Structure formats: structure tokens, C-alpha cells
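Novice: what would the 3D arrangement of this be:
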Amino acid sequence: MKKNNFIKYSIFAGALVLGVSCTNLDEKILDATDISKADPDAVLTSAYNGLRQFEGQDGIFAVQEVTTDFVIVPTRAGDWGDGGAWLEDHFHTWNANSREVNTAWKQMLSSVYNCDLALAIQGIPATKKAEAQFLKAYYYYNAIDMFGQVPYREAGSSPDDFPKVWTSPEATAQIIALLEEALPNLSDKNTSDPSIASKDAANFLLAKIYLNKAVFDSATHTGFDANNVANMNKVIQYVDAISSSTTLADDYWDNFKPSNNTCPELIFSAKNINGVDMGAVRTRWYMGNHYNQIPSGWNGFSVLQEYYDKFDASDRRILNDDPSIIASFGSPLGMRKGLQYDKGGVTPLTTRGQNGSLPLDFQSDPAGLPSDGKIISDEWLEKWGIRPQKYIPDVSNMDKPENDYVLFRYADALLMKAEAIARGGSSSTTVASIATQLQERQGVTTIINLSTLANIDKARATELWEEGWRRNDMIRFGTYTTSRATMTNTDAYRVLLPIPTTALLNPNIHQNPGY
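Specialist: Below you'll find the model as predicted:
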């Protein structure tokens, strides 16, 4: 086997071999001599399909959330053992062969590859080219955030050559250049379909890059450069460039309901079509729900008590008790704690008979989770942990739902702007006025305080829980490798993941420090 084919297989073939991309393209489209004549719509669809990988519970989501102070996936007797993969994520004990590390690498770089296919098509319309450039920038952003270096191929390079490698600062500059080139040719946001890349989405991503640029410009991704005002002014500039068609939703939960494609707060999403696609967004109600709940779940992901304690108990962002929710699902959605009920909210639920038919009362065991993360006690086996459920299940089809998966939304943009101001950026807007905007939404009774960076960190945690930003935020605020209740590994180098072993067959890429 030629070295280029082996490297292409090991780095980019996730889309084809692992089924992470859904496309009917003929295999020969991957031949560089034919791609220039391919149908741009079909190839661009394949590039967009990479967004669906953010919806699953493995790979990038596991890396961005399970490794943080937000959730843990304890082993419950034989359930969720998976060779220790989930606990390895949470305890920061992963290595270059770990499952989620390898999955995340393949997810992002296979998606970059699909974008490159689209960009290689001769005569691709300017708008579609801009969409492919935006998507490539987004996938590369996530790869740099996780791994700190990424392979790339120069246009016209020989397929027999190993891919070259950008460092984190180099890749950051390339991402910015891609977005700046794409921005004038992107369409305005489609207010009924935010899954189409738009000017608003590009402005949001540019703000996100500049917010993290001091981290990305560091070889180790550690520490935050205090002399960072120019970057913070860029954050403010790009947030302010988001159009007036993007506003906060009246109700926080409008962002996560089945018909959320019309929610004005959504800037960019992964599209799901009711009854058509096996939407991976369904993992968001299956992964934490107990077997006896509606819908019947997998009894895994559990919110850590220290994270839950960031909220006021009455905060509607963790307590969606709308009557329709109770009628359909029995207990409030959000962070599900306490005794759980069958649909209608009257009949209490229990654990399964083999585990004593105990009241299904979700709690964090006062004695604490065992230090090895393995629950064996019958009393706690099925009911340990507060369960996250942010997306409202599509009752018309639980497995092929309508809910779009939220990638960017306006509340995040406002919080980025508040942070940029707090870090020295100049704006006529005050952080107090941003806090007021966020607090005026229906049902938000918690006082939102953005007066300090610590308060902004907390505000991001309470606003954006389960949305894939927690690891990114903790690294920027310097808390990701700080010892906490269920994680005591304080190795600073773990802000970057190891490069997977297979990728190291490329002599141009080198393992990250510490691994």
C-alpha cells in the first residue's frame, strides 16, 4: 500500500470507513482527477453532514463535556463500562490510543477532507465555496482546540506526499483568513433554517476565535495573555456585526424544542428532519434517562453536584416544568433531580425489579461517588446522579426528531462580548446591560452577575450547559486541570489531547508534550 493511501486512510477515512458522514457519492469521487467535475451540491451536503457528529455522545462531545466539571458517566455494574473509556475521559487518564481521542480526531479531519473536496470543484458558485470555507474553518477550529496542531494539504500537492502540519498559531491564522475570505460571499442568515452557513455564523466564529486566540497562540494552550486588548476588541467587533435578525428568544427553552429552526436566537445549527433522519440529537434524551422513563433511556450521563450547585434551585434553565412537559414526560426537563414520575406527573417511577424496585429518586449520593467511578451498590446503581436533559423530545418521533442541534446561539455571543469587555475591550455597551438582556427572558429568575471574570465563567456554565463549550471555557479561565471533587489529575499538559498513534505515521506531525 502506498504511504499516501495509508495516511489518507488513517487520518481522513473516518467519513467512509466509520460511517460518520452520510453520502451517496460514488467512491471514485475521491480520486483527485475526477473531483473537479463533481456535483457541488452533493459534495457540499457531505461537508455539512459532518456537523451531525457534534450530536452524538461520543467523540467530540465526550471530549468537550465529559472531561469537565459538568458530567460523569459512571460504570453501573456492567453498564457503561466500555473498557473504561468514559471514566478515562473524566479522570484525565487518556492516551494516544484512547477511544474518544481517536474518534474526535477522525470526526474533525474527515470533515475537513469533505470540505476540501467541495473546494476542489471547478466553477463552484461563490456562495457554495464560501459555505465550504466556513465549514472547513469550523472543523479546523475544533481540531486546534483539542489537539493544537493539524495536518493539511497544499493545493496541487502530490497525493504521494505526506500531509504537512500547521501549528496552533499557524492554523489559527489560516482559519481567520478562510473566514475573512468567505464572509462577503456568505448569505444573510435564513431565519427559518439556521443550518445554512451565513454571515452571522461567520461573525460568531470569528468572535470565538479571537476570544481564544491568546490560548491558541500558545504552544501549550496554557495561560491567558493579559496583554490581549486587541483580540478582545475584535471579539466585540464581530459580535456587534451579527445582524438584527438574530435576537434572544423570549423563552430559553425555545432554543431546544422540536421546532427550534424558527427560534431567532439560533445562529448556526445541525439540521434534523422529522421522520427522515436518524437524528443523533436523540442522544440528548436517551443518554441520561433511566430505563423506566419516557422515553426509555440508557441510564448513563450524570451531572456532578458541584456543577448543579452553580444554579439557584428555581432557575428555569434547569427546571422546564411546562404543563405539556409534565403531560408527556412526567417530570420536569432540565437537570432532572428528585423523585421521577410517569407521564402525567402522578405515578412515581421505580428502579427495575432486579435492583429492588426502589423509588427512582435521582440524587448525588451524600457519601460521594466511589473514587474509581464504579457503582455497585443496589441502592445507587440505577438512580445515582442528576440527569441532564436539555432538548425537548419530539414526541411525534423520538428516533427521527425535528430538533435542530444548536451549535451557535446569540446568548453565547453576548457572553463573549461581556467577557471581552471585562478583559479590557472597548464598547459603549456595559456588562450590566448584557446581564439585563439575558435575565429578562421568560422564567429566568436567577440574578445574572457579569461584574467579574469569575462571574462570567459561572454565567457561561449556567447558560450553556451541555452545549459543547465547557472544556473550551475552562481552559481559557485556567480551571480545566484544577483538582475537583471527581478529578484529581492536575497535569497541565492535558489541556491538549494526544495525537492518535495512527496519525503519527506521518513524519511531519509530532506527539504533543507530556504524552
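Novice: show me where the chain has its strands.
Specialist: 71-72, 75-76, 149-152, 164-167, 266-270, 302-303, 319-320, 333-336, 338-339, 361-362, 374-375, 387-389, 405-409 (DSSP state E).
Novice: now the ones you listed in CSV, with mean pLDDT and mean neighbour count?
Specialist: The way it works is simple: take the backbone N, C-alpha and C, and place the C-beta from them, glycine included. Shown next, in CSV, are the strands of the chain (pLDDT from 0 to 100; neighbours: other CB atoms under 10 Å):
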stretch, mean pLDDT, mean neighbour count
strand 71-72, 97, 27
strand 75-76, 95, 20
strand 149-152, 96, 22
strand 164-167, 96, 17
strand 266-270, 97, 24
strand 302-303, 97, 24
strand 319-320, 94, 20
strand 333-336, 97, 24
strand 338-339, 96, 14
strand 361-362, 96, 18
strand 374-375, 94, 19
strand 387-389, 97, 26
strand 405-409, 98, 25
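Novice: and Val281, which of these is closest to it?
Specialist: When the strands of the chain are compared by CB to CB, strand 405-409 sits nearest Val281, at 4.7 Å.
Novice: count the neighbours of Val73 for me.
Specialist: 24 (other CB atoms under 10 Å).
Novice: just checking, it touches Ser302?
Specialist: Yes. Under the criterion of CB atoms under 8 Å, Val73 makes contact with Ser302 at 7.3 Å.
Novice: just to revisit the earlier point, please name whichever of the strands of the chain is nearest to Leu119.
Specialist: Nearest of the strands of the chain to Leu119, taken as CB to CB: strand 149-152 at 12.1 Å.
Novice: can I get the CA coordinates of that closest one in PDB?
Specialist: Output of strand 149-152 as PDB, limited to C-alpha atoms (Å, rounded to 0.1, in the frame of the first residue of the first chain):
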ATOM      1  CA  GLN A 149      -1.900  21.000  15.500                       C
ATOM      2  CA  VAL A 150      -3.500  19.800  12.300                       C
ATOM      3  CA  PRO A 151      -2.400  18.200   9.000                       C
ATOM      4  CA  TYR A 152      -3.200  19.900   5.700                       C
END
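Novice: nearest residue to Ala422 in space, please, no chain neighbours.
Specialist: Leu453 (5.5 Å; CB to CB, 6 or more residues apart in numbering).
Novice: for stretch 381-389, measure first residue to last.
Specialist: Counting by CA to CA, to the nearest Å, the length from the leading to the trailing residue of stretch 381-389 is 20 Å.
Novice: low-confidence ranges in the stretch 1-150 of the chain?
Specialist: Scanning the stretch 1-150 of the chain for pLDDT under 70 picks out 1-36.
Novice: contact partners for the residue lying farthest from the centre of the chain?
Specialist: For the chain, the largest distance from the centre (CA atoms, centre = their mean) belongs to Gly356, which lies 36.7 Å off. Contact partners of Gly356, counting by CB atoms under 8 Å, 6 or more residues apart in numbering, are Asp378, Glu379.
Novice: and it, how close does it get to Ala120?
Specialist: Distance, Gly356 to Ala120, using CB to CB, to the nearest Å: 60 Å.
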